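> Predicted structure and sequence below. I'll ask about it afterward.
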Amino acid sequence: MKDILLDKGWLNLKVDPALDLIKEINYLKKKKNAVILAHYYQNADIQDIADYIGDSLGLAQEAQKTQSDIILFAGVHFMAETAKILNPTKKVLIPDLKAGCSLADSCPPVEFAAFKEKHPDHIVITYINCTADIKALSDIICTSSNAVQIVESLPKEQKIIFAPDKNLGAYINKKTGRDMVLWDGACMVHEIFSLEKLIKLKIQHPDALVLAHPECEELILEQADFIGSTTAILNYSKKSEHKEFIVVTETGILHQMQKSSPQKTFIPAPPNNNCACNDCPYMKLNTLEKIYIALLHEQPELIMSNEMIEKAKKPILKMLELSASFGL
Ligand code: 13P
Ligand code: SF4
C-alpha cells in the first residue's frame, strides 16, 4: 500500500488526494476484520461503504452481534459509546472524536442526578441519545423505534422520568396518555424546522405526505402524516403508494429513501434559517478520509472505564431484551 501520510502530525494527517479511498477502506476492513456501522444521517459516500446502515436501535443490535475485531462507528459519540459498552473487549473507532450531540449535551450528569433525586419514586427511561454517565443513572434505555412500547410495557401507575428529549417525551405522553416527568433537553437539528415554511411546502405539494421524526416539536408533528424513527420513516416511504414525501428529519436519510424508491420524490423540510435543508453538524464531521485514517492507525479509539461500562450496560441490555420481546 502507498504511504499516504503527507504530514505525520496526529490530527493533521492528510491523505494523498490520488488515493482510491473506497478501495483502501475495503482493503483495511478485510485485513483488520473491521466492520463499519453507519447511521442514516451520514453523508451518502459513507453510507455506501458501510457494512450496516441503521437507526439507533438497529445499530445497537448490530453492534451486539458483530463478530468483527474492530468496530468503526460512523455516527456520533454516544452511538460509538453504546457499541463499546456492548463490546468491551473490541476496539471501537470513531472517525472524529468531536462528533458529539446537542441532545446528549443538554443533559449534564450532575444536574440530572439532582433532578432524579427530586423524583425518588420514578423509574428513569432514557433516550439512547445521551452520554454513558446518563445511561448509568437510568433504568431502561429506549430509542425512537421502541420508546412507546417500552413505556407501555410498564404498569399505568408507574411514575416515570423521561430524558433527555422533551419533544420525544411529550410525543410519548400524548400517544400513551401517560404523564412522564420530562427533562428539558432537545436536538438542535429537529428543533429548527420552520412551521411556516413547512405549511407553505405542503401547499406547494398538496399530494405529498409529511414524514417526521419524533424529536421535532409538537407543532411540527401535528403537520405529519407519519411519525417514526429514521428506519420507520424509510420503511414507510418504501411501502407507501404515495409518490411524493416531505421529510422532516436530518437530510442524510434521503439517500436511502431515494435509493430504495428512485421513482418517488423526497423533499427535505426547511429549517428556520437560510439553508434549504437541515444537516446535523456533528454527524457531518465524519468523512471518508477520516474513516480511512482511523482504520489505518486504529485511532481515535473510544476508551471507557470498566466501571462505567458495567453501569451503563444494564439499562441498554434491558432495552435490547424488551425490543426482542416486542419482535423489534
Ligand atoms: P434514530 O435514527 O434512532 O431515529 O435517531 C435519530 C437521531 O437523532 C440520531 O441522532
Ligand atoms: Fe444529536 Fe440531533 Fe445530531 Fe442526532 S441529529 S446526533 S440528536 S444533534
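Noted; the coordinates are in hand. Residues are numbered from 1 along each chain as shown. Ligands and ions are numbered 1, 2, ... in the order given.

> what about residue 284, neighbour count?
17 (other C-beta atoms under 10 Å). Where you see a C-beta, it was placed from the backbone N, CA and C, and this is true even at glycine.

> Against residue 283, how distant is the nearest residue to it once chain neighbours are set aside?
Ranked by C-beta to C-beta, 6 or more residues apart in numbering and with sequence neighbours excluded, the top spatial neighbour of residue 284 is residue 43, at 6.5 Å. Applying C-beta to C-beta, to the nearest Å, the value for residue 43 to residue 283 is 8 Å.

> and residue 74, what is it in contact with?
Residue 74 makes contact with 36-39, 42, 46, 50, 95, 286, 291 under the criterion C-beta atoms under 8 Å, 6 or more residues apart in numbering.

> Please name the residues that touch whichever residue of the stretch 1-150 of the chain sits closest to ligand 2.
As assessed by C-beta to the nearest ligand atom, ligand 2 sits closest to residue 101 within the stretch 1-150 of the chain, at 3.2 Å. Shown in contact with residue 101 (C-beta under 8 Å, 6+ apart): 76-78, 129, 187, 282.

> Name the nearest of those relative to residue 257.
The closest of these to residue 257 turns out to be residue 187 (C-beta to C-beta; 20.0 Å).

> Which pLDDT value belongs to that closest one?
Looking at residue 187, its pLDDT reads 97.

> Please apply the same query to residue 139.
Note on residue 139: pLDDT of 98.

> rewinding a little: and the residue nearest to residue 284, its phi and psi?
When read as degrees, to the nearest 10, the backbone of residue 43 gives phi -60, psi 150.

> cool, and residue 20?
Note on residue 20: its backbone torsions stand at phi -80, psi 90 [degrees, to the nearest 10].

> just residue 141 next, same as before
Dihedral angles phi and psi of residue 141 (degrees, to the nearest 10) take the values phi -90, psi 150.

> what ranges do the strands span in the protein?
Along the chain, counting by DSSP state E, strands occupy 34-39, 52-54, 70-74, 91-93, 123-127, 140-142, 160-163, 181-182, 209-212, 226-227, 244-248, 265-268.

> could I get the ones you listed as JSON lines with distance to ligand 2?
JSON lines is the format used below for the strands of the chain (distance: least, C-beta to the nearest ligand atom, whole Å):
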{"stretch": "strand 34-39", "distance to ligand 2": "8"}
{"stretch": "strand 52-54", "distance to ligand 2": "14"}
{"stretch": "strand 70-74", "distance to ligand 2": "12"}
{"stretch": "strand 91-93", "distance to ligand 2": "17"}
{"stretch": "strand 123-127", "distance to ligand 2": "9"}
{"stretch": "strand 140-142", "distance to ligand 2": "14"}
{"stretch": "strand 160-163", "distance to ligand 2": "13"}
{"stretch": "strand 181-182", "distance to ligand 2": "16"}
{"stretch": "strand 209-212", "distance to ligand 2": "13"}
{"stretch": "strand 226-227", "distance to ligand 2": "16"}
{"stretch": "strand 244-248", "distance to ligand 2": "12"}
{"stretch": "strand 265-268", "distance to ligand 2": "14"}
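
> now residue 156: how far from residue 176?
For residue 156, the distance to residue 176 equals 9 Å [C-beta to C-beta].

> quick one: which of those two has more around it?
Remark: of residue 156 and residue 176, residue 176 carries more neighbours, 17 against 8, as counted by other C-beta under 10 Å.

> What's the separation between the more buried one and residue 187?
Residue 176 sits at a distance of 21 Å from residue 187 (criterion: C-beta to C-beta).

> Poorly predicted segments of the stretch 151-300 of the chain, please.
The model of the stretch 151-300 of the chain has pLDDT under 70 over residues 276-277.

> Residues of it that sit close to ligand 1?
187, 213, 215, 229-230 (C-beta under 6 Å from any ligand atom).

> Kindly report the residues of the protein close to ligand 2.
So the chain meets ligand 2 at 41, 76, 101-103, 129, 187-189, 250, 280, 282-283 (C-beta under 6 Å from any ligand atom).

> Give me the more crowded residue out of residue 43 and residue 283.
Legend: neighbour count by other C-beta under 10 Å for residue 43 and residue 283, higher for residue 283 (24 against 18).

> so who does residue 264 touch?
Shown in contact with residue 264 (C-beta under 8 Å, 6+ apart): 237, 242-245, 257-258.

> hang on, I meant residue 169
With contact taken as C-beta under 8 Å, 6+ apart, residue 169 is in contact with 162-163, 180, 182-183.

> Give me the angle between the longest helix along the chain and strand 123-127.
What stands out as the longest helix in the chain, according to DSSP state H, is helix 306-325. Interaxial angle, helix 306-325 versus strand 123-127 (axes from the mean of the first three to the mean of the last three C-alpha atoms, to 10 degrees): 90 degrees.
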